[in-house]
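> Take this sequence and fold it.
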Amino acid sequence: MENEQNDKITEFDTDLDNGFKIDYKNQILKNNTQFINWKKSMIKKYGNDARLFKCSQDNLLFFTSNNKCKNNFFGINCPSCKRKICYFCSRFSQNEMFIGNCCLKRGIYYVIFDYGKSYFSKYNDGLDPPPASFIKLFFTPFFYIQFFITMCLKFCFLGLPMKNAEDKDDGILTTYEDYYKTNHKISYQIILFLFRCFFCFLPVPYILIDIEFHIFLLIISLPFKGYPICYYFGIIFGGYRPYIEEVLYNIYGI
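As a prediction, the model looks like this:
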């Protein structure tokens, strides 16, 4: 039965020369000769480090080069439906809290290799300074730790689309925050209450470490024309401005 199902797999239209059509989601391909031969031809075309994508909407597999994948931050348009597909989770959300963060893996890659350069000059002949409000927050250790913890919560949990969330052709994936707000209001309020208690007291024993880190970051930035600290500011503040203002309002009412 399995071999019969595998034999039904056919290559996609000839104009999509890097696409491979399957019949249903999670179809077993391990022992399918046609798929193996197609995969070998794609690796020969794109190289041994080629990246395999899967479009769940069209049941389409397609390859692209490793360089193109990285240059597009692991998000490539499906050659059939033209929707953007994430290499790690095979989804793409238009409403993610952090741009590129349809899943945690892609979000981390985006932060390190894109947001980190937010305050670098486009022409590499200088630096674009971060906003004064962010600089003031950074140099206020106790409040900065609270802010940092809250941003981590949003980035690593609340702002992520749910693992089983499906795109209904509108690019909208339900986040954990939206889900708990709608379906588990009491649990959501309890989580927020515990978290507020947590970030009110946690900064106390870490203030000294935080101050030392800021001093160290400043020291290593001096001989490198400020690039290390600007890169750090890009990671923390780069693409999240609307949410930063929301976080500051929720914590401090400002």
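
> From here on, just use CA atoms for contacts and neighbour counts.
Will do.

> shaky segments in the stretch 1-150 of the chain?
Within the stretch 1-150 of the chain, the stretches with pLDDT under 70 are 1-17, 93-101, 122-127.

> rerun at 80
1-18, 23-31, 57, 92-101, 121-131, 141 (pLDDT under 80).

> For it, just list every one of the helices.
Counting by DSSP state H, counting those that start in this stretch, the stretch 1-150 of the chain has helices at residues 2-7, 33-46, 66-71, 104-113, 132-138, 141-153.

> Return the distance of the spatially most central residue of the chain relative to E177.
With distances taken as C-alpha atoms, centre = their mean, the residue of the chain nearest its centroid is G107 (1.7 Å). Distance of G107 to E177, given as C-alpha to C-alpha, to the nearest Å: 17 Å.

> How about P203?
Applying C-alpha to C-alpha to P203 and E177 gives a distance of 24 Å.

> For I209, find the nearest of the helices of the stretch 1-150 of the chain.
helix 141-153 (9.5 Å; C-alpha to C-alpha).

> and the next element down the chain from that closest one?
helix 176-183 (DSSP states H and E).

> Which strands or helices does that next one pack on?
Applying 3 or more C-alpha pairs under 8 Å, 6 or more residues apart in numbering; DSSP states H and E, one finds that helix 176-183 contacts helix 185-201.

> Chain neighbours aside, what residue packs nearest to L160?
T175 (5.3 Å; C-alpha to C-alpha, 6 or more residues apart in numbering).

> beta partners for that neighbour?
Applying DSSP bridges to T175 gives these bridge partners: P161.

> With distance to F237 as added columns, please give the helices of the stretch 1-150 of the chain in JSON lines.
Shown next, in JSON lines, are the helices of the stretch 1-150 of the chain (distance: least, C-alpha to C-alpha, whole Å):
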{"stretch": "helix 2-7", "distance to F237": "48"}
{"stretch": "helix 33-46", "distance to F237": "36"}
{"stretch": "helix 66-71", "distance to F237": "22"}
{"stretch": "helix 104-113", "distance to F237": "10"}
{"stretch": "helix 132-138", "distance to F237": "8"}
{"stretch": "helix 141-153", "distance to F237": "10"}
